[in-house]
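J.: Quick one, what's the 3D model for this:
(2 chains)
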There are 2 protein chains.
Amino acid sequence: MNKIYNFSAGPAVLNQSVLKAISEASIDYLESGISLMEMSHRSEPVMEMVSQTKILVRELLSISNEYEVLFLQGGASLQFSMIPMNLLNENQVADYADTGAWSNKAIKEAGNFGEVNVICSSKDSTYNHIPKKLEQNFDSTYLHLTSNNTIYGTQWKNFPIPLNKDSYLVADMSSDIFSRPLDISKFGLIYAGAQKNIGLAGVTLVIIRKDILGKVNRIIPTMMNYQTHIEKDSMFNTPPVMAIYAVNRSLKWLSNNGGLDSMADTNLKKATKLYDEIERNSLFISPIQKEDRSLMNVPFIFSGKGSDEDFLSFCDKRGLKTLKGHRSVGGFRASIYNAMPEAGIDALVQAMQDYESR
Amino acid sequence: MNKIYNFSAGPAVLNQSVLKAISEASIDYLESGISLMEMSHRSEPVMEMVSQTKILVRELLSISNEYEVLFLQGGASLQFSMIPMNLLNENQVADYADTGAWSNKAIKEAGNFGEVNVICSSKDSTYNHIPKKLEQNFDSTYLHLTSNNTIYGTQWKNFPIPLNKDSYLVADMSSDIFSRPLDISKFGLIYAGAQKNIGLAGVTLVIIRKDILGKVNRIIPTMMNYQTHIEKDSMFNTPPVMAIYAVNRSLKWLSNNGGLDSMADTNLKKATKLYDEIERNSLFISPIQKEDRSLMNVPFIFSGKGSDEDFLSFCDKRGLKTLKGHRSVGGFRASIYNAMPEAGIDALVQAMQDYESR
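T.: Predicted coordinates:
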């Protein structure tokens, strides 16, 4: 049987060391005779593990003490509401960049809490680029963007700067966090569902600058209030322990393999190999503008006629799984997050070449 | 080494078959060559697994089509807000029974959305009983209670009936769901964090009667709206797949072992053994009124002088773990959920007897 490479957009491939660690901890954690799943979240081993995970996040991203690191539930989708609920008064405005389906959902939820100024949209060109012309509002409380667009395969390579010095960036980094170095100081809040680059579904990483809180005058339900989770160190209620452990092991693996600089090099190398083949191969094209192409999600389509099903089946037989494009786009999409080895790209490139020369 | 018995109040003991299934699925799910953690939530195997889990919930509790079964995130704590946000208008009143710390938190959150009528409280007697005299409001939209009080060790043996025929019960069953048969038809909504009786931390089971929705006039954030999750069959965003799989395996184990009638018999037998020993043993007493004693969480204290640390250490050496009482109560607490085998109770009873005769 071929080695299997899983190009799923999320939940997505994890490093084997992470899978092994979870599998072992499911039976017995640290030779305690008890599964990590059965341990109280207030027990010493669990508290220590969660604390270590925060330290890993802080170290890898060089996060200063102005920021808190939280592990929450509900995915990016719950953050779409929590962010304006905690940060935006009814009479205030926030800038939002519209670069895809997830940006759109964030915009919709923000409208429930304050005024939304959409600074740009690439919707008319099926989100095939990141707009360069931004119509920012000087008075905006924050500027929200989706750093990587999982469905369409675009990625912000440089982040915009808010016009007002009291404003700050808020970013959904669900699909490219920990894939490249990041200057945290530009951001007021970063959030990411873990199930793409750093773990399994069920935990959301939030990195928040503490001084942006306490400025809205509405009542915030306790669980929706970032302050609750800051004060209780993500232990206000039972956190998703196993999902946090997967983040722990993923970041440990990342740390042991050179951290973000090294990972960024590898990711660039992997993506370049694949985009180069798409350019070279007579059968395929990328629908995305060159300078905005994502290093995480690589969509491609037939340049002329071709059967999507046939190529997917061809790949599937070689162990190349989950290459179908998102249902709203069609074609193919190779999600090549941190944990996708270069050998997976090589196998896909080989398949594209073999398919061409059939 | 002694066999280990884990009396943790939650996350808590799971059946070995559940741990084994999770451990195996972490590496390879259904011989696909891919971990369940790496699979898209929209892939056929995951959709099928989630669907099967719902069917198990429905079958075990004989749930009619008037109700939906949802798998959400955020624990019971998020439900404390979602319930009044979805069900209670600002000018309406809801009845709440105050039987412990968790009831209290639910009451606090409900007050953000409507009027709360506290129908009873056992706070003045450190929550050592379930009040029998209830001051219900005829106009209440619903009556909320905590079916089992994990910290104090009390349990509703019979549920109250709302005064108004359009009203309904809402219950936090986090610590006793699936421990006994239940007449669902009395309830408008039942919710339960999974990490005590049915799985691991990170998923919340919600069973909701559909006709109670759509009656409030506030804007509800999409992720906080039950209707969203009903329409999308708990797949609006990425659900906590592994946590749902743990529910699946726990309920399958329960189903294979005679279902709720059989489990209720076993739970009664286990709890009776332990309470009988507490009554018999000269060293210990139960602080809880007899008729309200929980079959899930059994707190006990020294009747006279005694060192909590010494008894805990005595038990610990025998492999009897996590018997310390909640920090707000002290003493000891044996949580003996479904997955605690009778042999665990026997080992604890033996330890209590040996400690007495030292």
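J.: What ranges does the stretch 201-350 of chain A have for its strands?
T.: Using DSSP state E, counting those that start in this stretch, the strands assigned to the stretch 201-350 of chain A run over residues A:204-209, A:284-285, A:297-302, A:320-321, A:332-335.
J.: Of all the ones you listed, which one is nearest chain B?
T.: Of all these, the one in closest proximity to chain B, counting by CB to the nearest CB, is strand A:320-321 (6.8 Å). For the C-beta atoms, the positions are set from N, CA and C on the backbone; glycine is no exception.
J.: helices or strands up against the closest one?
T.: If you count contacts as 3 or more CB pairs under 8 Å, 6 or more residues apart in numbering or on different chains; DSSP states H and E, strand A:320-321 packs onto strand A:5-6, helix A:342-356.
J.: for the ones you listed, which one ends up most surrounded?
T.: With neighbours defined as mean count of other CB atoms under 10 Å in any protein chain shown, these peak in mean count at strand A:5-6, which reaches a mean of 25.
J.: And for the next helix or strand after that strand, what's in contact with it?
T.: Proceeding C-terminally, strand A:5-6 gives way to helix A:16-27 as the next helix or strand, assigned by DSSP states H and E. Counting contacts by CB atoms under 8 Å, 6 or more residues apart in numbering or on different chains, the residues outside helix A:16-27 that touch it are A:35-37, A:199-200, A:242, A:245-246, A:249-250, A:253, A:339, B:19-20, B:22-24, B:26-27, B:35, B:37-38.
J.: Quick one: buried ones out of these?
T.: Restricting the contacts of helix A:16-27 to buried positions leaves A:35-37, A:199-200, A:242, A:245-246, A:249-250, A:253, A:339, B:19, B:22-24, B:26-27, B:35, B:37-38, with burial counted as 16 or more other CB atoms under 10 Å in any protein chain shown.
J.: quick revisit: I'd like to know which of the helices and strands packed on strand A:320-321 is closest to B:Leu61.
T.: strand A:5-6 (35.7 Å; CB to CB).
J.: Can you name every helix or strand that that closest one contacts?
T.: Under the contact criterion of 3+ CB pairs under 8 Å, 6+ apart, strand A:5-6 touches strand A:320-321, helix A:342-356.
J.: what's next to the longest one, contact-wise?
T.: Contacts of helix A:342-356 with the rest of the structure, by CB under 8 Å, 6+ apart, involve A:2-3, A:5, A:7, A:13, A:266, A:269-270, A:273-274, A:277-278, A:281-284, A:311, A:314-315, A:318-320, A:323, A:334, A:336.
J.: Report the buried members of those.
T.: Under a neighbour-count criterion of 16+ other CB under 10 Å, the subset of these counted as buried comprises A:5, A:7, A:13, A:266, A:270, A:273-274, A:277-278, A:281, A:283-284, A:311, A:314-315, A:318-320, A:323, A:334, A:336.
J.: picking that back up, export the strands of the stretch 201-350 of chain A as a markdown table, with columns for mean pLDDT.
T.: A markdown table is the format used below for the strands of the stretch 201-350 of chain A (pLDDT from 0 to 100):
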| stretch | mean pLDDT |
| --- | --- |
| strand A:204-209 | 98 |
| strand A:284-285 | 98 |
| strand A:297-302 | 98 |
| strand A:320-321 | 97 |
| strand A:332-335 | 98 |
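J.: Kindly provide the whole-number mean pLDDT of the top helix by length along chain A.
T.: Across chain A, the longest stretch assigned as helix under DSSP state H is helix A:259-280. Throughout helix A:259-280, pLDDT has a mean value of 98.
J.: From the contact counts, what lies against it?
T.: helix A:44-61, strand A:284-285, strand A:297-302, helix A:342-356.
J.: Now do the contacts for A:Arg59.
T.: Check again: residue A:59 is Glu, not Arg. When contacts are counted by CB under 8 Å, 6+ apart, A:Glu59 is found next to A:Ser255.
J.: Can you pull the residues of the stretch 51-200 of chain A lying near chain B?
T.: Counting by CB under 8 Å from any CB of the partner chain, the residues of the stretch 51-200 of chain A lying close to chain B are A:73-78, A:80-81, A:85, A:105, A:108-109, A:112, A:193, A:195, A:200.
J.: what about the residue in the stretch 251-358 of chain A that chain B sits nearest to, how many neighbours?
T.: Evaluated by CB to the nearest CB, the stretch 251-358 of chain A has A:Thr322 as its residue closest to chain B, separated by 6.4 Å. Residues lying near A:Thr322 (other CB atoms under 10 Å in any protein chain shown) number 22.
J.: Let me know the pLDDT of it.
T.: At A:Thr322 the predicted local distance difference test score is 96.
J.: my guess is it contacts B:Arg42, does it?
T.: No. Assessed by CB atoms under 8 Å, A:Thr322 is found out of contact with B:Arg42, at 10.1 Å.
J.: OK, contacts around the residue of chain A most remote from its centre?
T.: In chain A, counting by CA atoms, centre = their mean, A:Arg358 sits farthest out from the average C-alpha position, at 36.6 Å. Applying CB under 8 Å, 6+ apart, we find A:Arg358 in contact with no residue.
J.: about what we covered before: with adjacent residues omitted, what lies nearest to the residue of the stretch 251-358 of chain A closest to chain B?
T.: For A:Thr322, ignoring the flanking residues on the chain, the nearest one in space by CB to CB, 6 or more residues apart in numbering or on different chains is A:Ser8 at 4.0 Å.
J.: and the one you found, how far is that from A:Lys324?
T.: In this view, A:Ser8 and A:Lys324 are 10 Å apart by CB to CB, to the nearest Å.
J.: So those two - more neighbours on which side?
T.: For A:Ser8 versus A:Lys324, neighbours defined as other CB under 10 Å are more numerous around A:Ser8 (25 against 21).
J.: quick one: pLDDT of the more buried one?
T.: 97.
J.: Check A:Arg327 too.
T.: The model's pLDDT for A:Arg327 equals 83.
J.: Can you give me the separation between it and B:His229?
T.: 20 Å.
J.: which one of the two has more residues nearby?
T.: In this comparison of A:Arg327 against B:His229, neighbours counted by other CB under 10 Å, the higher total goes to B:His229 at 23 against 8.
J.: Can you verify my assumption that that one contacts B:Leu72?
T.: Yes. Under the criterion of CB under 8 Å, B:His229 makes contact with B:Leu72 at 6.3 Å.
J.: where exactly do the helices run in the stretch 51-200 of chain A?
T.: When assigned using DSSP state H, counting those that start in this stretch, the helices of the stretch 51-200 of chain A occupy the ranges A:75-87, A:101-110.
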